[in-house]
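Undergrad: Below are the sequence and a predicted model; questions follow.
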Amino acid sequence: MAFEGLADRLQNTIQKIKGKGKVTEQDVKEMTREVRLALLEADVNFKVVKDFVKKVKERAVGQEVMDSLTPGQQVIKVVKEELTALMGGDQSKIAVSDRPPTVIMMVGLQGAGKTTTTGKLANLLRKKHNRKPLLVAADIYRPAAINQLETLGKQLSMPVFSMGTEVNPVDIAKKGVEQAKENHDEYVIIDTAGRLHVDTDLMDELAQIKDAVKPDEIFLVVDSMTGQDAVNVAENFNDQLDISGVILTKLDGDTRGGAALSIKAVTDKPIKFAGTGEKLDEIEAFHPERMASRILG
Ligand code: GDP
């Protein structure tokens, strides 16, 4: 499971300071040094670590700790709050359009889990709102992608809109949204093409789809197993498309967690969901506070 190494190290570190009735500057210094190493080892972005440690240090040697009756506990509270803030603070929900359908565009590199996550998200929306979203197959470059989405649609008993591989993805996306309007669907989720690497053609096409359908959400799907690459990919897509949120996949793997801990700080976009397995119900809303509690024990 993700974060295991990081959780072990951080829990060891805070254990040492937990019961202290008096916390000296030296104690804080030692703790933050260990926290810093733990985060770097978990592959958290260097600059993110630096800012984080600075904030914790400032608060941990400040009045709020020194004046408290349980300074050790108070320091841990500071670490937890800052870890929560780092991952995004309050969990943000999916935007809903006041003029349905709500249009969700899924973007990401090939293999990140975009198509699977499209199915998972559709499943989640149906469970929550009891409405079937329309799935739109706009990845025409990988013919198997359309089949994959159609198979998912069958598994979930959900409609899939596709026009084969000969039609421009921008037109497919537009027609898909039109169809959702006609059907009075509440949501439409567009599965777009991915590439192995970020490239200009892909970004141009995604920008055109964005212009054409004016999505309420653009979710970037990133593979948490790819560590710092995931953070770079997120930065890149965000620069080009101004994404609205991130969905981290494969958190069930033994990822060190660096991506989860860096993406919000680097892009200022929230992680909205986490994929925790290959099955269609293995997705959960990403709650920074719960995640911080899990890491800090
Ligand atoms: P796409 O190319 O981005 O559309 O990626 P796919 O949806 O085809 O997924 C690529 C692979 O990752 C598939 O084998 C999926 O089953 C797998 N996958 C997707 N999400 C998760 C996840 O959260 N956990 C695990 N373990 N595997 C996942």
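TA: All right, it came through fine.

Undergrad: what residues does the chain put near the ligand?
TA: Contact residues (CB under 6 Å from any ligand atom) of the chain with the ligand: 108, 110-116, 194, 249-250, 252-253, 275-278. Where you see a C-beta, it was placed from the backbone N, CA and C, and this is true even at glycine.

Undergrad: Lys210 contacts Ile243, correct?
TA: No: contact status for Lys210 versus Ile243: not in contact, 9.7 Å apart, counting by CB atoms under 8 Å.

Undergrad: Can you pull the residues that touch both of the two?
TA: Common contacts of Lys210 and Ile243 (CB atoms under 8 Å, 6 or more residues apart in numbering): Ile218.

Undergrad: What's opposite Phe161 in the beta bridge?
TA: Val136 (DSSP bridges).

Undergrad: Going toward the C-terminus from the least confident helix or strand in the chain by mean pLDDT, what's the next helix or strand?
TA: In the chain, no helix or strand scores lower on mean pLDDT, DSSP states H and E than helix 63-66, which sits at a mean of 79. Using DSSP states H and E, the helix or strand that follows helix 63-66 in sequence is helix 71-87.

Undergrad: Please compute how far that following helix lies from its chain's middle.
TA: The chain centre lies 22 Å from the centre of helix 71-87; the measure is CA atoms, centre = their mean, to the nearest Å.

Undergrad: CA atoms only for the helix or strand that comes right after that helix, dumped as PDB, please.
TA: Heading C-terminal from helix 71-87, the first helix or strand you meet, by DSSP H and E, is strand 102-108. C-alpha atoms of strand 102-108 as PDB (Å, rounded to 0.1, in the frame of the first residue of the first chain):
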ATOM      1  CA  THR A 102     -22.200  18.600 -16.500                       C
ATOM      2  CA  VAL A 103     -19.300  17.900 -18.900                       C
ATOM      3  CA  ILE A 104     -16.300  16.100 -17.500                       C
ATOM      4  CA  MET A 105     -13.200  15.800 -19.700                       C
ATOM      5  CA  MET A 106     -10.700  13.100 -18.800                       C
ATOM      6  CA  VAL A 107      -7.100  13.700 -19.900                       C
ATOM      7  CA  GLY A 108      -3.800  12.100 -19.200                       C
END
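
Undergrad: which residues in this protein form strands?
TA: Ranges of strands within the chain are 102-108, 134-138, 160-161, 187-192, 217-223, 245-249, 271-275, 283-285, based on DSSP state E.

Undergrad: can you put these in TSV and add mean neighbour count and mean pLDDT?
TA: Listed next are these as TSV, based on neighbours: other CB atoms under 10 Å; pLDDT from 0 to 100:
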stretch	mean neighbour count	mean pLDDT
strand 102-108	26	98
strand 134-138	29	97
strand 160-161	22	98
strand 187-192	28	97
strand 217-223	25	97
strand 245-249	27	96
strand 271-275	24	95
strand 283-285	17	94
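
Undergrad: if we can go back for a sec, got a PyMOL select line for the buried ones in the residues of the chain next to the ligand?
TA: In PyMOL, this line selects whichever of those come out buried by 16 or more other CB atoms under 10 Å:
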select buried, resi 108+110+112+113+114+115+116+194+249+250+252+275+276
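
Undergrad: For stretch 238-255, give the distance from the opening residue to the closing one.
TA: One end of stretch 238-255 to the other measures 23 Å (CA to CA, to the nearest Å).

Undergrad: cool, stretch 82-97 as well?
TA: Termini of stretch 82-97 sit 32 Å apart (CA to CA).

Undergrad: who's in contact with stretch 41-59?
TA: By CB under 8 Å, 6+ apart, stretch 41-59 touches 3, 5-6, 9, 28-29, 32, 35-36, 39-40, 65, 78-79, 82-83, 86, 227-228, 231, 256-259, 261-262, 265-266.

Undergrad: Single out the residue in the stretch 151-297 of the chain that lies closest to the ligand.
TA: Closest to the ligand within the stretch 151-297 of the chain is Gly275: 2.6 Å, counting by CB to the nearest ligand atom.

Undergrad: beta partners of that residue?
TA: Ile283.

Undergrad: now do Leu248
TA: Under the criterion used (DSSP bridges), Leu248 bridges to Val222, Ala274.

Undergrad: Was I right to think it contacts Gly258?
TA: No: assessed by CB under 8 Å, Leu248 is found out of contact with Gly258, at 11.2 Å.

Undergrad: picking up where we left off before, state the distance from the residue of the stretch 151-297 of the chain closest to the ligand to Ala112.
TA: 10 Å (CB to CB, to the nearest Å).

Undergrad: same deal with Met158?
TA: In terms of CB to CB, Met158 sits 21 Å off from Ala112.

Undergrad: For stretch 131-150, buried residues please.
TA: Those would be 132-140, 145-146, 148-149, for stretch 131-150 by 16+ other CB under 10 Å.
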